[in-house]
Each structure stands twice: as C-alpha cells, then as structure tokens.
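J.: got a sequence here, can you build the structure:
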Amino acid sequence: MEFVIAIGQNFLQQYIELTKEKYNLIIEFQPSILDVLSIRMKEKRNLMLGGRRIKSLLETLLEKPLNSWIFQNFPDTAFLNN
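T.: Residues are numbered from 1 along each chain as shown. I've put the predicted structure just below:
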C-alpha cells in the first residue's frame, strides 16, 4: 500500500506547512500515523474511495483533533502569530 503512504505523506506535509503559515506553529507527525492510515485503508470500503478517503481519514484522525487542541489551548489564535 505504498500509494497510501505517499498520498498520506503529501497531506501531512500540507498540514505542516499550513499550520506553520497560519498559526506560526511547527508540528511533526510520528510515522505511526501512516501505519494507522495504512491499516484503515485496507478496509474494503475505504480502499474503494482511494485518495479522497485518505484525506477524509486524516481529517478525522488528525486535522479535527489538532484544530480542537489549538483552539482549546490558544483561544486567541492571533496570539500565535506574534
């Protein structure tokens, strides 16, 4: 499932760049996120949706929780830009 890893890495890189640009935060992801993504993508219903499902899984597993954490810990996100 090399394509899952490659697509997942591209999306993670986008998250890294966006978070740095938008919030002035430098984030790193553990390689295990790609392991979890690969496991989830082996499910037939996920595999049928391809790259779109990879993105939606990352949104559910990573992006939404990360955004929640940012807003809980930094309610005034303008503070992050300083």
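J.: number of nearby residues for residue 54?
T.: Residues lying near residue 54 (other C-beta atoms under 10 Å) number 24. Backbone N, C-alpha and C define where each C-beta goes, glycine included.
J.: tell me the SS of it?
T.: Secondary structure, DSSP: H, G, I helix; E, B strand; the rest coil: residue 54 is helix.
J.: separation between it and residue 66?
T.: Look at residue 54 and residue 66: by C-beta to C-beta, to the nearest Å, they are 17 Å apart.
J.: distance-wise, check residue 1 relative to residue 28.
T.: Residue 1 is 23 Å from residue 28, where distance means C-beta to C-beta.
J.: which of those two has more neighbours?
T.: Neighbours were counted for residue 1 and for residue 28 using other C-beta under 10 Å; residue 1 has more, 14 against 6.
J.: packing partners of the biggest helix by length in the chain?
T.: Of all segments of type helix in the chain, defined using DSSP state H, the longest is helix 2-23. Where contact means 3 or more C-beta pairs under 8 Å, 6 or more residues apart in numbering; DSSP states H and E, helix 2-23 is packed against helix 32-41, helix 50-58, helix 64-73.
J.: which of those sits closest to residue 16?
T.: For these, proximity to residue 16 was assessed by C-beta to C-beta; helix 64-73 is nearest, at 10.9 Å.
J.: averaged pLDDT, the closest one. What do you get?
T.: Averaged across helix 64-73, the pLDDT comes to 89.
J.: quick one: which of the helices and strands packed on helix 2-23 is nearest residue 18?
T.: Evaluated over the helices and strands packed on helix 2-23, closeness to residue 18 peaks at helix 64-73, with 10.5 Å, by C-beta to C-beta.
J.: which residues touch that closest one?
T.: Defining contact as C-beta atoms under 8 Å, 6 or more residues apart in numbering, one finds that helix 64-73 is touched by 15, 19, 23, 25, 27, 77, 80.
J.: give me that answer again for 7 Å
T.: Applying C-beta atoms under 7 Å, 6 or more residues apart in numbering, the external contacts of helix 64-73 come out as 23, 77.
J.: now do that helix against helix 2-23, angle only.
T.: Per axes from the mean of the first three to the mean of the last three C-alpha atoms, to 10 degrees, the angle that helix 64-73 makes with helix 2-23 is 20 degrees.
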